Structure formats: C-alpha cells, structure tokens
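Novice: Got a sequence here, can you model it:
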Amino acid sequence: MAFLRLLFAVICLLMAGCDLRALWSRPAAIPELHHNGYRKDIPSAARGNAVFTGAQFSDDGALIVTTHHNDPKMRVWDAKTGKLISSFTASPADDVWMIDAGHRRFVGRTHGNPNLVVFDLMSGRIVSEIPDRSENRAFPLGLTDDDTAVVLAKPGMIEVWNLVPPTLIRSAENPLPVDAYRPACVGGVPATYNDKKCWELSPGKRWLAMAFTPVPSVGASSIFYLIDLQTLMMRQLVLPDGQTGKNVSAFAFSADERVLAFGTDRGVWFYEISSNRWGPFVAGDHRRNAYLGAMRFSDDGKRLVTLGDQLQTSVFDTTTGSRLGRMEPAEWDREGVFRVSRDGSRIVIYHFVSDVLEVLDAQNAQRIGWVCPYFCNLKHNPVEVPYAVSPDGKAVAASQRAGSGVWETDTDRLLFPLNDPSMPPLKD
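Specialist: Numbering: from 1, shown residues only. Here you go, the predicted structure:
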C-alpha cells in the first residue's frame, strides 16, 4: 500500500501538483452513494465485455464508437439499444475523433497507411482515402461542410478536402510556422483531464479557432486565430488593451456561432465574431491559480460552463459575466476528468480517488447525482475510467475493468451493457 501511495504521489506531481494530503485523508466512502465497491444490484451477465479506452457519441446521439489501445478494432454500437453494429480495423486519426453522423462515416487511420481513410460506420468497409504523400503527415483538425469535408493542417497550408470522392476543395496559407504547422500550446487546466484541445470547430463547422505558442515554455504568450472555413479567411485575435493570454486552456463556441469564448491562465474572454468586439472578461479566482477553461455554452447561449483548477466548476452569465453557480469538490477528491454534454445541459466529472462519476446541472453547477459504473466508492488503487457523454446529457458510456456499459445520468440506472458476441465474458 505504501508503494501505491508513492506511485500515486508521483502521478499527482506529473499532473501539476495535487495535494498529497489527499492520499492519507481520503474518507472511507462518499456517504451519499449507495454503492461501495462492486455493485450488488447488477448481475454478472450485465457486465459488458467490450472494454474501451476511448469512446464518442455521434452528434445525433444515435451511435457510439469505441476503441481500445490494445485492440486494433473499433466498434460501432446502437446508442439506444447497445447492439453491436460493426467493427473495423482503424484508430482515430492523431487522436482526433471525426464522425460524420449524417452519412454514417468515420475518418481515421489504419496501420502503415499514410492516408486518411473514410469508413462506412454501418458496414465497416472503406469507402475512400484522402491521399497524403507529404514528408510531414497532414494533421486533421476536424470535419466541416456539414461533415462532408475534412480540414487539414500541413506545412505552409490549410486545406479542405471532400471526403467522397476525395477532392481538394480549397486551400490557404497556414498562419503557423512551416516547421510547427499544427496548433500547439502549453498549459491547460492543471491536474484535470478534459476533451478540449488547442483548437475547436464551431457547432455548425463554420469557424475554426486555434492557438499557437511560439516558445513552448510555461509563461510564453499564445497567439489566437479565427478561421472562416467557408472562405479560409483568417484573423488574429488580439486581446483588448494590449493584454496577453498565456497557455490557452479551452475554446468554446455558442450554438448560434456568434460568440467565441476561450480560457487562459488569467480567465475567460468573450469575443463577438460578426462585430469583432470583446465582451465581458471573467477572471479566474481559484486559490491556487487563475486558469479558467471555457468548456461549453448552453444551447440558448445565455450561460457558459467553465473549468478551473482542481475540478472547480462554475457557470457564468455570458452577457454580464456574473457567476450563476459553482461546485468545488472535496479536498481529497479534486483530480479527475471533466466533460460537458454537447447541448450544455449536463456536466459529468470523473473523480479519480473515489472512482465515481458526478453529474451536475449545467444551469447552476448543482449536483444531480452520481453514476457508479459497476465499481466505485471504495478505498483502492483506482484506474482512470474512460467515458463519453451523450449529446443531450441523458446518458454516459463508461468502461472499466469491471465492465462496459451505458448509464442514465440522472438516475444511475444501467441502460445496457456493451457486449461483443465474438469476445469472451469478463473474468471476475
């Protein structure tokens, strides 16, 4: 046990310094939870065997796509029933998930193939390949044009390619250096994993926001760009009054694509795209540092969910910048993973020490409940639980050594396990 505590301490330090007192002060259990260890209300037959290390819902919520770093196959599931639809040998391209929900396609890579490969999700067959013969492999930034095209960052160029047939649609000069042609930044919210990157596409895939840090070191100022993907016209976003933002932590677009918010080591900035005007600035106020990530707007654009250090979760009014609600986890349980549903209705946080998913209302950051995926809430050696939140926030797909399944977020009810008939059942 002493060795495990030492190992966890090293992990904490690598994650930017968690409070080591958590290792010794962690309570025996969270009293509000009904479960301690393995859930006794779920039979062995309901322990899904298709364990995954990565998952994504399609934007329409109809499909779940899963992958495992030790398994060459990706799997496609019906998100309403849990039925396995197809499997195929591929992986997300450069850890970028690209699912074309309307045409049921997936853009990824296959081993030893430099091209981007387009798969039919329902059959698993390859339908096209986007050629990539350059010395430096093209880096995909996501899908655009109603998900029928892909945006690629290349040395010196930004290109948009049609998926089927694979055709170059438009291109423009890449504002980033030739030898560092993909978005890159240092920083992020310390001690917290999330699904944000140094770039983000708007919900309608019209705009691309990205950051670049010329000097890859802590304290270096980032440069922010906004690209119109219909024309590839670019503008550099210069913060008002000569202020600087260091180490971008997250971008977020409003659903109507009128406002871009992005967090830095100081706080969150709001930017009105059409008028080129800056809105309110929300300063980070965590006791340890001011990092504040812009994670997700509500569908009506009136609220913004933000992530601060050590899983500090806040909701702000986007017009005034006033805070509408906040959640700060217990001192011993403030390292983990943070995600918000696509519609901005639910926040789902995985707590590393208690091994449980906490569900918050994204209107005010108040707790709705917990999801215990097969095993949770017991002092042990935890392993991170991969999970994905449905677009409407009503379900979460979660996987761990005890099983894989889809859960109802507001009730902690297992909707169905994820079972692959070709795989053996999990061992106890």
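Novice: Could you look up the SS state of residue 310?
Specialist: State at residue 310, reduced to three classes by DSSP: H, G, I helix; E, B strand; the rest coil: helix.
Novice: Go ahead and confirm it touches residue 286.
Specialist: Yes - using C-beta atoms under 8 Å, residue 310 makes contact with residue 286 at a distance of 7.0 Å. Yep, even glycine has a C-beta here, placed from its N, CA and C like the rest.
Novice: Out of the two, name the residue with the larger neighbour count.
Specialist: The neighbour comparison of residue 310 against residue 286 (other C-beta atoms under 10 Å) goes to residue 310, with 25 against 16.
Novice: What is the neighbour count of the closest residue to that one other than its chain neighbours?
Specialist: Nearest non-adjacent residue to residue 310, counting by C-beta to C-beta, 6 or more residues apart in numbering: residue 334, 4.0 Å away. Residues contacting residue 334 under the criterion other C-beta under 10 Å number 21.
Novice: so where's this protein uncertain?
Specialist: Applying pLDDT under 70 to the chain flags residues 1-28, 187-188, 190-191, 215-220, 242-246.
Novice: Show me it divided up by domain.
Specialist: 2-66+178-417, 90-177 (automatic domain parsing).
Novice: Could I get the full set of helices for the stretch 1-150 of the chain?
Specialist: With DSSP state H, counting those that start in this stretch applied, the stretch 1-150 of the chain shows helices at 2-14, 22-25, listed in chain order.
Novice: Nearest residue to the middle of this protein?
Specialist: For the chain, residue 195 is the residue whose C-alpha lies nearest the centre (C-alpha atoms, centre = their mean; 1.7 Å).
Novice: Enumerate every residue touching it.
Specialist: Contact analysis of residue 195 by C-beta atoms under 8 Å, 6 or more residues apart in numbering lists residue 339.
Novice: do residue 185 as well
Specialist: 198, 211-213, 222, 247-248.
Novice: List phi and psi for it.
Specialist: Taking degrees, to the nearest 10, you get phi -160, psi 160 for the backbone angles of residue 185.
Novice: Dump the domains of the chain into TSV; add distance to residue 428 as well.
Specialist: Shown next, in TSV, are the domains of the chain (distance: least, C-beta to C-beta, whole Å):
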stretch	distance to residue 428
domain 2-66+178-417	7
domain 90-177	30
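Novice: so which of the ones you listed gets nearest residue 81?
Specialist: Ranking the domains of the chain by proximity to residue 81 (C-beta to C-beta) places domain 2-66+178-417 first, at 6.6 Å.
Novice: residue contacts, residue 203?
Specialist: Listed by C-beta under 8 Å, 6+ apart, the contact set of residue 203 reads 253, 255, 257, 342.
Novice: element containing it?
Specialist: Assigned by DSSP states H and E, residue 203 falls within no helix or strand.
Novice: number of nearby residues for the residue lying closest to residue 197 once chain neighbours are set aside?
Specialist: Leaving aside its sequence neighbours, residue 197 sits nearest to residue 183 (C-beta to C-beta, 6+ apart; 7.2 Å). A count of neighbours around residue 183, defined by other C-beta under 10 Å, yields 22.
Novice: Identify the residues contacting residue 183.
Specialist: Counting by C-beta under 8 Å, 6+ apart, the residues that residue 183 touches are 141, 153, 176, 197-199, 210-212.
Novice: For my notes, please list the contacts of residue 203 in CSV and give secondary structure for each entry.
Specialist: Output for the contacts of residue 203, formatted as CSV (three-state DSSP):
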residue, secondary structure
253, strand
255, coil
257, coil
342, coil
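Novice: List just the nearest of the residues you listed to residue 89.
Specialist: residue 342 (28.0 Å).
Novice: The closest one touches residue 391, doesn't it?
Specialist: Yes - with contact defined as C-beta under 8 Å, residue 342 counts as touching residue 391 (3.9 Å).
Novice: Please enumerate the shared neighbours of those two.
Specialist: The contact sets of residue 342 and residue 391 overlap at residue 59 (C-beta under 8 Å, 6+ apart).
Novice: Most neighbours of all the contacts of residue 183, which one?
Specialist: Comparing the contacts of residue 183 by number of neighbours (other C-beta under 10 Å), residue 210 comes first, having 27 neighbours.
Novice: what about residue 168, how many neighbours?
Specialist: Neighbours of residue 168 (other C-beta under 10 Å): 13.
Novice: how much space between it and residue 145?
Specialist: 13 Å (C-beta to C-beta, to the nearest Å).
Novice: ok, so what distance separates the residue nearest to residue 310 from residue 97?
Specialist: In this view, residue 334 and residue 97 are 27 Å apart by C-beta to C-beta.
Novice: Check residue 400 too.
Specialist: Using C-beta to C-beta, we find residue 400 at a distance of 20 Å from residue 97.
Novice: Same check on residue 124?
Specialist: Separation of residue 124 from residue 97 (C-beta to C-beta): 17 Å.
Novice: higher neighbour count, these two?
Specialist: Using other C-beta under 10 Å as the criterion, residue 124 and residue 97 rank with residue 97 on top: 21 against 18.
Novice: Tell me if I'm right that the more buried one and residue 56 touch.
Specialist: Yes - with contact defined as C-beta under 8 Å, residue 97 and residue 56 form a contacting pair (4.5 Å).
Novice: need the contact list for residue 172.
Specialist: Residue 172 touches 157-158, 232-234, counting by C-beta under 8 Å, 6+ apart.
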